[in-house]
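K.L.:
coordinates only, sequence not included:
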């Protein structure tokens with residue numbers, strides 16, 4: 001599967017962005033989808049994940065209550081709605097896919113997009 005993220009940009013603290021991940025290739029619904037982020041000089045970290053049928057959703061504590069992950073299997077897309085953004089949310093955001101069950105670590109995902117930059121100004 002090929003993944004392409006979009007929707008990043010520059011936003012002021014307190015603002016919102018919606019990231020989109022478009023998938024092509026094999027049937028989208030067989031993949032667990034995840035969002036990760038990587039800030040300069042830091043390791044890639046888990047943000048959120050959603051199961052194949054969107055029944056199970058998990059979030060990093062740092063984004064819980066502010067970010068919402070979703071998916072539309074008919075449109076082959078996953079989304080990350082980000083509200084109440086903070087400067088510490090600044091990073092490159094990646095979507096990832098894997099055919100295994102819910103995963104929280106980058107090494108557990110086989111497929112990755114190229115990333116989209118999110119910058120939150122104070």
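P.N.:
Received it, and whenever you're ready, just let me know what you need. No experiment lies behind these values; they were computed from the predicted model shown. Residues are numbered from 1 along each chain as shown.
K.L.:
Can you give me the end-to-end span of stretch 5-21?
P.N.:
End-to-end distance of stretch 5-21 (C-alpha to C-alpha, to the nearest Å): 4 Å.
K.L.:
Kindly report the same for stretch 87-104.
P.N.:
By C-alpha to C-alpha, the extent of stretch 87-104 from end to end equals 23 Å.
K.L.:
The residue nearest the centre of the chain: what's it in contact with?
P.N.:
In the chain, the residue lying closest to the centroid (C-alpha atoms, centre = their mean) is residue 35, at 2.4 Å. By C-beta atoms under 8 Å, 6 or more residues apart in numbering, the residues touching residue 35 are 19, 21, 47, 48, 49, 69, 78, 80, 93, 94, 95, 96. Bear in mind the C-beta positions are built from the backbone N, C-alpha and C, glycine included.
K.L.:
So in terms of bridging, what pairs with it?
P.N.:
residue 48, residue 95 (DSSP bridges).
K.L.:
Repeat that for residue 68.
P.N.:
residue 81.
K.L.:
residues near it, how many?
P.N.:
16 (other C-beta atoms under 10 Å).
K.L.:
next one: residue 94
P.N.:
23.
K.L.:
so residue 93, which of the three states?
P.N.:
At residue 93 the chain is in strand, as set by DSSP: H, G, I helix; E, B strand; the rest coil.
K.L.:
For it, give me its contacts.
P.N.:
Taking C-beta under 8 Å, 6+ apart, one finds 5, 8, 19, 35, 36, 37, 47, 80, 115, 116, 117, 118 in contact with residue 93.
K.L.:
Now it: closest residue in space, sequence neighbours ignored.
P.N.:
residue 37 (4.9 Å; C-beta to C-beta, 6 or more residues apart in numbering).
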